[in-house]
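# below: sequence and its predicted model.
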Amino acid sequence: MKLALNLIGGIAVVLAILGVFLPLLPTTPFLLLASACFARGSTRLHAWLINNRVFGAYLRDVEQGRGIPLRGKVVALAMLWASIGYSAFAVGSMALVALLISIAAGVTIYLCAFVPTLRTR
């Protein structure tokens, strides 16, 4: 089981790094997935990830319940709605459009109502 968690975590890290450079590939969900997998699969890999100079502070804030910076929430929601809007325009099925909008609305509600906003220090 630990091997599978570490493998999934490694793939998530690679996808997160790609997400930094590719506009429609999200970085944060993959980082959070990697952190969760490494926390259960390898304390060494988890420590490496949360002490990373680029992503570490962000992950520590989320894991310790301090939240996500307001700028991060705004960028995440803008990218979410832009990609959902484009996808909804591109697909022909009204059922898929309704599903996409429902998912985006759910993510928006979760991010705004349940994830704390980190106050700048």
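That came through fine.
# in the helix or strand encompassing L100, what's buried?
If you go by DSSP states H and E, L100 is part of helix 94-113. Neighbour-count burial for helix 94-113 flags 97, 100, 104, 107-108, 111 (criterion: 16 or more other C-beta atoms under 10 Å). C-beta coordinates here come from the backbone N, C-alpha and C atoms, glycine included.
# could you say what helices and strands that helix packs with?
On a contact count with 3 or more C-beta pairs under 8 Å, 6 or more residues apart in numbering; DSSP states H and E, helix 94-113 meets helix 70-90.
# using CSV, write down the CA coordinates of the helix holding L100.
The C-alpha trace of helix 94-113 is given here as CSV (Å, rounded to 0.1, in the frame of the first residue of the first chain):
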residue,chain,number,x,y,z
MET,A,94,-26.6,20.4,-22.0
ALA,A,95,-26.2,17.6,-19.5
LEU,A,96,-22.4,17.9,-19.6
VAL,A,97,-22.7,21.7,-19.3
ALA,A,98,-24.9,21.3,-16.3
LEU,A,99,-22.4,18.8,-14.8
LEU,A,100,-19.5,21.2,-15.4
ILE,A,101,-21.3,24.1,-13.8
SER,A,102,-22.4,22.0,-10.8
ILE,A,103,-18.8,20.9,-10.2
ALA,A,104,-17.5,24.5,-10.5
ALA,A,105,-20.2,25.7,-8.2
GLY,A,106,-19.4,23.0,-5.6
VAL,A,107,-15.7,23.8,-5.7
THR,A,108,-16.4,27.5,-5.4
ILE,A,109,-18.7,27.0,-2.4
TYR,A,110,-16.1,24.7,-0.7
LEU,A,111,-13.2,27.1,-1.3
CYS,A,112,-15.1,30.1,-0.1
ALA,A,113,-17.1,28.6,2.8
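# now do the domain split for this protein, please.
The chain breaks down by automatic domain parsing into domains covering 1-64, 67-121.
# turn the ones you listed into TSV, including mean pLDDT.
Converted to TSV, these look like this (pLDDT from 0 to 100):
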stretch	mean pLDDT
domain 1-64	90
domain 67-121	88
